[in-house]
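> just to be clear, the model below is a prediction. Sequence and coordinates:
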Amino acid sequence: MNLKRKKKLGQLLCEKAYLDESQLNFALAEQNVKHRRLGQILLELGYVTQAQLNEALALQVGIEKIGLDDVSIDAEIIALVSAELVSKYNILPLWYEKRLTAENTENAENNQLSTANSQLLAVAMTDPFQPQVIEDLRLVTGYPIRRYYAEPVEMENAIPKFYGSNVARMLDNLAPAEQRAEAELDNGDYSPAKLHELARQPSLVNLVNLIILEAIEARASDIHIEPFERQVTIRYRIDGMLVEKTPSSKRLQAAIISRIKIMANMNIAERFVPQDGHIEFAGKNGRVDMRVSSVPTVFGESIELRILDRSASLMDLSDLGMNDECLKGFNQCLHKNHGMVLVTGPTGCGKTTTLYAALNKIYTPAVKMITIEDPVEYQLDGVIQMPVNPKRGLTFATGLRHIVRQDPDIIMVGEIRDRETADIAIRAALTGHLVFSTLHTNDAPGAVTRLIDMGVEPFLLASSLEAVLAERLVRKICLKCKEPYKPDENLIRNLNGSVTVKPNMKLYHGVGCNECMNTGMRGRTGIFELLRITDSLRELIAARPTTEQIIKAAPAEHKGMRHDGVAKVLKGITTAEEVLRVTQGLDEEE
């Protein structure tokens, strides 16, 4: 008889470093009061995740953990369990195993053995403690089940590898490969009534929902549905780069586009003029807002969906990627009583995220904040937010003119696009308001010359401007496949500038893995350039300087974006190629 005692759950979690002793002791004290399971208490306190708890419980009861990165599965096994069941329960069938013999029956209860069968079906599960799932699998396959525990991230990557993505499977079901040649002749010229009928088919509704869900789970910022002569391309923008997914049959084009337009309250009968719409979608982690744009092309309407994930919107300033010096300087600007702070960069570089983080940091009930945006991307608690509406005459300039009459302390203007908006914003900054806004320029010094070129009076700009923060987003090296390498000499030569990179310097890159979709990169961070406006710069601005003159007169501590990027390369956060890609065209200071 095996008298070996099982380790306690808390001990296992501490050994895994998922929990520390003080947290465990507090949870045990709670358990003595509430008389509930320790695991449930730990989840409620936020000390562990469900995945960490499942892993420890599996270890406690003897369920073996399995890695799925290098596993191979026969087609016969795949055919036993449908893709729908695999997706629904987050499981993966693995192989057949012989029924356990008498000497290892101590795990029989855990493995759901049946003496009537000579074989078991091994199944990987992220949550192996669901009796109903075990029973459903037994009934579907006809085999008793042996459970293995698998990490959720590995399961997420393994299921598409063996079953294809949910979207790919559904596309093939709706338009099998043998029907696609015939579908290429279909011009999709349907009546509005027919389009409504197509768009409301349950299978089509599920397909569009899956496209959106898959994009959200892949951390995509945009979905592009683009019609071409023989197919409809579906692409997701992930970490700033477009990734092509399984294309759709041409036969489904009208139905997919019509379904999205119905969801966005757009006119499906109008297919020859651009339209804009808005979708509120219920994702796994809460509500997700999407801006929808359609434009006519020679092969039909092209649809773009910008995903605005509320759960990922409000970041802390310290999480954006600013170095300590830049963060300290920017924080000082946020606490000015009046003046204008600009954030510059191209579309999609994180300007709005930075401004929201700034507003969120300085908000208190003692100040009144008003924003005017196009559109309002995220709703901020305690902040009055106004969307522009040009069709009704509400532009940035007219809205800003009325905002000033609302007695605000802090004003955020989504973007300065013309002289009128710039003039009102500057005058607001001069009359006791702290004004934040964005501008499309390559670097921080360029913001000054851009505003002067718009027609802003230099002496007014010199008196009101406090700082300009320029930024770009760079992809981060995947932590799972990160490794050192010896960089090419030409690469080092290109990086050298304000930071000297020695030939023997150790740099890092990602070799590619399932977690980063074999790109070697996962997630993004910012590189920044902060230009603080000093007294000497104010005198220079009043004299209509060039960008080069502003750079030369900048404070000694001023560093360009490439300098910040190279510093992040040397820290192993990003790659040299990534920094060079996003800073092309920027002149570095000597």
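Cool, got the structure.

> where along the stretch 51-200 of the chain do the helices fall?
Remark: helices assigned in the stretch 51-200 of the chain by DSSP state H, counting those that start in this stretch are 75-80, 83-89, 108-111, 131-141, 152-163, 166-174, 177-183, 192-199.

> buried sites along the last one?
Buried residues in helix 192-199, counting neighbours by 16 or more other CB atoms under 10 Å, are found at 195, 198-199. Backbone N, C-alpha and C define where each C-beta goes, glycine included.

> for residue 561, which non-adjacent residue is spatially closest?
Spatial nearest neighbour of residue 561, chain neighbours left out: residue 529 (4.4 Å); criterion: CB to CB, 6 or more residues apart in numbering.

> is that neighbour within a helix or a strand, and which one?
strand 521-532 (DSSP states H and E).

> in its sheet, what does that strand sit against?
Applying DSSP bridges to the sheet, strand 521-532 is found paired with strand 465-477 (antiparallel).

> quick check: mean pLDDT across the partner strand?
Here strand 465-477 scores 95 as its mean pLDDT.

> flag every buried residue along the next helix-or-strand element following it.
Sequence-wise, the next helix or strand downstream of strand 465-477 (DSSP H and E) is strand 482-485. Along strand 482-485, these residues count as buried under the neighbour rule (16+ other CB under 10 Å): residue 482.

> show the subsequent helix or strand relative to strand 482-485.
Downstream of strand 482-485, the next assigned helix or strand under DSSP H and E is helix 489-495.

> return that following helix as CSV; C-alpha atoms alone will do.
Taking C-alpha atoms only, helix 489-495 is exported to CSV below (Å, rounded to 0.1, in the frame of the first residue of the first chain):
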residue,chain,number,x,y,z
GLU,A,489,28.6,45.3,-38.5
ASN,A,490,26.5,47.3,-40.9
LEU,A,491,23.6,47.2,-38.4
ILE,A,492,25.9,48.5,-35.6
ARG,A,493,27.1,51.2,-38.0
ASN,A,494,23.6,52.3,-38.6
LEU,A,495,22.7,52.4,-34.9
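
> immediately after that helix, which helix or strand?
Downstream of helix 489-495, the next assigned helix or strand under DSSP H and E is strand 507-510.

> now that following strand, how far from the centre of its chain.
Centroid separation between strand 507-510 and its chain, computed with CA atoms, centre = their mean, to the nearest Å, is 22 Å.

> residues in contact with it?
In this structure, residues lying in contact with strand 507-510 by CB atoms under 8 Å, 6 or more residues apart in numbering are 477-478, 481-487, 516, 519-522, 569-570, 572, 575-576.

> same thing with stretch 70-79?
So stretch 70-79 is contacted by 92-96, 121, 124, 158, 162-163 (CB under 8 Å, 6+ apart).

> ends of that stretch, what's the gap?
End-to-end distance for stretch 70-79: 20 Å, by CA to CA, to the nearest Å.

> average model confidence for it?
Here stretch 70-79 scores 77 as its mean pLDDT.

> okay, residue 95 and residue 80: tell me how far apart.
Look at residue 95 and residue 80: by CB to CB, to the nearest Å, they are 11 Å apart.

> now the common contact residues for these two.
Taking CB under 8 Å, 6+ apart as the criterion, residue 95 and residue 80 both touch residue 121.

> list the buried residues for whatever helix or strand residue 206 lives in?
Using DSSP H and E, residue 206 sits within helix 202-217. Under the neighbour-count criterion of 16+ other CB under 10 Å, helix 202-217 has 204, 207-216 buried.

> on that earlier part again, for residue 415, see how far away the residue nearest to residue 561 is.
For residue 529, the distance to residue 415 equals 19 Å [CB to CB].

> of the two, who's got more company?
Per other CB atoms under 10 Å, whichever of residue 529 and residue 415 has more neighbours is residue 529, with 26 against 18.

> list the contacts for that one?
Going by CB under 8 Å, 6+ apart, residue 529 touches 443-444, 469-471, 558-561, 563-564.
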